[in-house]
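Enquirer: Sequence and predicted model, in that order:
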Amino acid sequence: AWLRRLHADCCEGGATEVPSAVLLTGPPASGKTSLLSQLIVLSLGFELIPILIHAQQLQRQLLEFPDAFADAWNWVDAFLRLKYDAAVYCMLRQALTSRRGLVL
């Protein structure tokens, strides 16, 4: 509920200095992936588009394609550009720039 309120406030021109990020950490098998799966399912009924980025995949791409990350807008943009075809990348980039992307 807090994420929906925060998103609605930002879309209506409200304060943007409130942190809108959460770092989820925990030991193996503690339910991090299950929680993210639930967030994805719950966000499907909302205007945010879930974008799941696994840290291991991001790290692998950082090591394999350092130039792509050096030239990109940010690391999420570089990851999406490398992972998806042009049409999907453009849709996800549009979701991010219109503040409708939920990066998980």
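Expert: Arrived safely, thanks for sending. Numbers count the residues shown, from 1 in each chain.
Enquirer: Pro66: neighbour count?
Expert: 11 (other Cβ atoms under 10 Å). C-beta: built from backbone N, CA, C; applies to glycine.
Enquirer: Tell me how many other residues surround Leu96.
Expert: Neighbours around Leu96, by other Cβ under 10 Å: 19.
Enquirer: That one contacts Asn74, correct?
Expert: No: between Leu96 and Asn74 there is no contact under Cβ atoms under 8 Å: 9.2 Å.
Enquirer: measure Ile53 to Asp9 for me?
Expert: Here the criterion is Cβ to Cβ, to the nearest Å. By it, Ile53 lies 25 Å from Asp9.
Enquirer: where exactly do the helices run in this structure?
Expert: 2-11, 32-43, 55-64, 66-70, 75-83, 86-97 (DSSP state H).
Enquirer: which one of those helices lies closest to Val22?
Expert: helix 2-11 (8.9 Å; Cβ to Cβ).
Enquirer: How about the residue minimising distance to the centre of the chain, nearest residue that isn't a chain neighbour?
Expert: Nearest to the mean C-alpha position of the chain, counting by Cα atoms, centre = their mean, stands Val103 at 1.3 Å. Distances taken as Cβ to Cβ, 6 or more residues apart in numbering place Ile51 nearest to Val103, at 5.1 Å, with adjacent residues excluded.
Enquirer: Help me confirm that the one you found comes into contact with Leu102.
Expert: Yes: taking contacts as Cβ under 8 Å, Ile51 lies within contact range of Leu102: 6.5 Å.
Enquirer: Okay, now the unreliable bits of this structure?
Expert: Applying pLDDT under 70 to the chain picks out residues 1-4, 6-7, 10, 13-21.
Enquirer: Fine by me, we can end here.
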